[in-house]
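Student: Take this sequence and fold it.
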Amino acid sequence: MSETRRKLTTIFSADVQDYTRLMQADEEGTLDTLKQYRDAMAGLIALHGGRVINTWGDGVIAEFPSVVEAVRAAIDVQNELAGYNGDRSEGDRMLFRIGLNLGDVIAEGEDIYGDGVNIAARLQGSARPGGIVISHTVYDQVRNKVAVGFDFLGALNVKNIEEGVPSYAVRIGGPGNADAPRQPESPYGRDARPAPLQSVLREPSTAQSAPRRSFGVLAVIAAMLAGINLLTWEGEFWAQWPILALATLAALIWVRGTRMIDRGIGTLAVIGLGLAAINLFSWSGTFWAVWPMFALAVIAGLKWAMRRQGAARS
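Tutor: Residues are numbered from 1 along each chain as shown. All right, here's what the predicted structure looks like:
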């Protein structure tokens with residue numbers, strides 16, 4: 001018999017809007033589409049450190065040790081599936097609703113149970129097609145850590161929860177979020193209110209603007225070093241070394257801030273390119289950097305293979 005224990009985790013609950021209608025219209029095609037979308041979802045969940053716990057019908061339950069990564073995974077899932085749906089007619093699109101909750105659950109073997117799971121499912125049911133709704137426990141952890149806005153939806157009625165669960169729609173610009181209901185100010189903070197559209201268009205978020213400021217500062221420093229080198233020219237362009245270091249730092253900042261590539265693989269790629277640049281700047285007739293670059297490529301390949309294997313198991 002599996003051991004039963006309690007733990008705190010982030011629960012990810014998703015299902016398909018109008019799944020019955022889609023099945024009635026084209027049963028085999030809908031099942032093929034569901035499998036394709038679930039495979040994409042499982043890969044993104046694994047990429048963000050989560051694991052799929054269960055799938056039934058059109059539903060998916062997953063859990064994440066990190067609240068921030070759970071929200072990022074949900075955003076990536078909706079953006080990825082929006083791309084899939086872009087090639088489909090409006091009536092054939094498969095739109096998922098996602099709910100996220102951070103709560104205490106009962107874990108037995110690979111399964112989890114309890115109010116924490118039920119709340120995630122209730123939040124999912126209140127999300128618009130293509131949208132994400134999170135509980136206040138998730139919001140409190142991610143409000144200043146992800147580059148999205150939030151709309152306070154009020155307290156949702158949940159079985160066994162007398163006072164209801166304050167919830168927020170994640171404003172990601174996808175279907176079902178652009179016209180999310182605007183509610184009075186949240187009791188959990190003034191910044192939970194939706195920002196006016198003009199301010200959203202005019203002011204980049206802190207998470208987006210910070211890397212840009214870093215790139216600007218690094219570019220100014222690099223230009224200053226190049227200028228000093230040229231103004232004090234003695235036949236040697238010594239500024240190439242600190243400029244290379246600054247370029248490497250900028251690349252690492254970009255890798256850390258983007259969701260386009262895996263951070264570990266991206267970091268290895270930056271290191272490899274840095275070694276190649278050092279080899280070329282100090283060229284003595286031998287391309288010695290090929291060996292450490294080969295080793296880094298092998299490590300990156302192993303990481304990629306392990307990630308794919310984890311996604312397949314999920």
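
Student: mind giving me the domain split of this structure?
Tutor: For the chain, automatic domain parsing gives the domain ranges 4-202, 206-311.

Student: Of the ones you listed, which stretch is the most buried?
Tutor: domain 4-202 (a mean of 18; mean count of other C-beta atoms under 10 Å). All C-beta atoms are positioned from the backbone trio N, CA, C, and that covers glycine.

Student: Quick one: mean pLDDT over that domain.
Tutor: The average pLDDT for domain 4-202 rounds to 84.

Student: what's the offset of it from the middle of its chain?
Tutor: The chain centroid and the centroid of domain 4-202 are separated by 12 Å, computed with C-alpha atoms, centre = their mean, to the nearest Å.

Student: Which residues does Leu8 form beta bridges with?
Tutor: Asp104 (DSSP bridges).

Student: show me the contacts for it.
Tutor: Counting by C-beta atoms under 8 Å, 6 or more residues apart in numbering, Leu8 touches Leu102, Gly103, Asp104, Val105.

Student: do Phe215 as well
Tutor: Contacts of Phe215 (C-beta under 8 Å, 6+ apart): Ala250, Ile253, Trp254.

Student: how far away is it from Thr286?
Tutor: In this view, Phe215 and Thr286 are 33 Å apart by C-beta to C-beta, to the nearest Å.

Student: Can you list the neighbours in contact with the helix or strand where Ala82 lies?
Tutor: Assessed by DSSP states H and E, Ala82 sits inside helix 67-85. Here helix 67-85 makes contact (C-beta under 8 Å, 6+ apart) with 10, 12, 14, 36-37, 40-41, 44-45, 47-50, 64, 93-96, 98, 100, 102, 130-132, 134, 138, 141-142, 145-146, 148, 170, 172, 174-175, 259.

Student: can you give me the helices in the chain?
Tutor: 19-25, 27-47, 67-85, 115-126, 136-142, 197-202, 206-231, 240-257, 263-281, 290-313 (DSSP state H).

Student: by contact count, what packs against the fifth one?
Tutor: Packing contacts for helix 136-142, counted by 3 or more C-beta pairs under 8 Å, 6 or more residues apart in numbering; DSSP states H and E, involve helix 67-85, strand 96-108, strand 161-171.
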